[in-house]
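J.: fold the following and give me the result.
(one chain, ligands or ions: 1)
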Amino acid sequence: MTKEQTTSWAAGPAVGHPAARTEAPAPVELRGVEKRYEEGERAVVALRDVTLQFPRGTMTAVMGPSGSGKSTLLHCAAGIERPTRGRVLVDGAELGGLDENALTLLRRDRIGFVFQAFNLVSALTAAQNVELPLRLAGRRADPGQVAAALERFGLAERAGHRPSELSGGQQQRVALARAVITHPAVLLADEPTGALDTHTSRGVLRLLRELVDTNGQTIIMVTHDPAAAAYADRVVLLADGRPVDELRAGAGAEAIAARMAALEESTAVGNAAAAPASRSAADARGAVQP
Ligand SMILES: Nc1ncnc2c1ncn2[C@@H]1O[C@H](COP(=O)(O)OP(=O)(O)OP(=O)(O)O)[C@@H](O)[C@H]1O
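T.: Predicted structure coming up:
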């Protein structure tokens, strides 16, 4: 990459310096967040009193057993779901205080999203996909900006290709370039390597890491993969809608896998212990019903 391209790409709120991490307010903060889904007479509590800060220039992996609330946490942080209780702040703005229009604008300008299924527009080329968020915001893309983003993600030769002409890893890199072209306060990634083979996953994870270390990007990544989580500065473990443990950078994939296995076992034991009680409750209900 040329120096010019680097400069063009890096323009924006890049604050990766450790001092900036401590002084600036956290790009994303959850305070006492509860999310409850009402299903007829039943309620599912997906998040319970979650208070977490995601400091600038850090990558946090969110792990936990199936149903522990990982996606709900990501959706609340993105303003896709509104918490039943508590507050979510993005870049200091409280999402609960925003109407739908303001929320849409904040999502478009301040939040980048990467999914397991790359979610590219199939009729557009790689370059057009990357440019899309700028166009949607009514901004004219600086001609060098899209090219620099493609170059940075190793896609310079693929600018004119449509998603169907790209490999999975290339498509995810286009999705990444598109997610960060607006210099969002936070990049939210939901199983970003879930559809990729091991080798290709590592390439995408290295790019995520580089965004944090070079641009000061803040990343929250939901993953089931301990090897992916090992790229993060911090691993937050959820169980039954609550953060129950944290592992710090350098824990290593094996330690993360061991902690996850223990958590899954204790959750399974908890569920098994709860099952007879709910069965007897069901039996009891059955007994009074004709
Ligand atoms: N729209 C919804 N309506 C009702 N219940 C929901 C809804 N979305 C999620 N839930 C419930 O909330 C709980 C948390 O779900 P969530 O998808 O956040 O878990 P997860 O940890 O991401 O799970 P997985 O790893 O299986 O994707 C689950 O019990 C789920 O069934």
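J.: next, residue 238: secondary structure please.
T.: strand (DSSP: H, G, I helix; E, B strand; the rest coil).
J.: so what's it up against?
T.: Taking CB atoms under 8 Å, 6 or more residues apart in numbering, we find residue 238 in contact with 62, 63, 64, 68, 69, 70, 73, 244. Any C-beta I mention is one placed from the backbone N, CA and C, and that applies to glycine too.
J.: tell me how far it lies from residue 33.
T.: Distance, residue 238 to residue 33, using CB to CB, to the nearest Å: 12 Å.
J.: can you check residue 258 too?
T.: Distance, residue 258 to residue 33, using CB to CB: 28 Å.
J.: am I right that residue 124 sits in a strand?
T.: No - according to three-state DSSP, residue 124 belongs to no strand; its state is coil.
J.: so how many other residues sit close to residue 99?
T.: Residue 99 has 7 neighbours, counted by other CB atoms under 10 Å.
J.: residue 246 now?
T.: Other residues close to residue 246 by other CB under 10 Å number 13.
J.: doesn't residue 233 make contact with it?
T.: No - using CB atoms under 8 Å, residue 246 makes no contact with residue 233, being 10.5 Å away.
J.: assign residue 68 to helix, strand or coil.
T.: Under three-state DSSP, the three-state class of residue 68 is coil.
J.: check the spacing between residue 41 and the ligand real quick.
T.: Computed with CB to the nearest ligand atom, to the nearest Å, the distance linking residue 41 and the ligand is 13 Å.
J.: follow-up on the earlier one: now the common contact residues for residue 238 and residue 33.
T.: Contact criterion CB under 8 Å, 6+ apart; residues shared by residue 238 and residue 33: residue 73.
J.: ok, for residue 221, nearest residue in space, not its chain neighbours?
T.: residue 189 (4.2 Å; CB to CB, 6 or more residues apart in numbering).
J.: let me fix that, I meant to ask about residue 72.
T.: In this structure, residue 72 finds its nearest non-sequential neighbour in residue 46, 4.1 Å apart by CB to CB, 6+ apart.
J.: that neighbour and residue 34: what is the separation?
T.: 9 Å.
J.: if we can go back for a sec, which residues touch the residue nearest to residue 72?
T.: Residue 46 makes contacts with 35, 36, 37, 69, 72, 241, as judged by CB under 8 Å, 6+ apart.
J.: the nearest residue to residue 85 once chain neighbours are set aside: neighbour count?
T.: Leaving out its chain neighbours, the residue that sits closest to residue 85 by CB to CB, 6+ apart is residue 34, at 4.0 Å. Residue 34: 16 surrounding residues under other CB under 10 Å.
J.: tell me the secondary structure at the residue nearest to residue 72.
T.: strand.
J.: repeat for the one 4 residues further on
T.: For residue 50, the secondary structure call by three-state DSSP comes out as strand.
J.: ranges for the strands of the protein?
T.: 28-39, 42-54, 59-63, 85-90, 93-94, 111-114, 186-190, 219-222, 234-239, 242-248 (DSSP state E).
J.: average pLDDT across the last one?
T.: In this model, strand 242-248 has an average pLDDT of 95.
J.: then stretch 82-90?
T.: If you average the pLDDT over stretch 82-90, you get 96.
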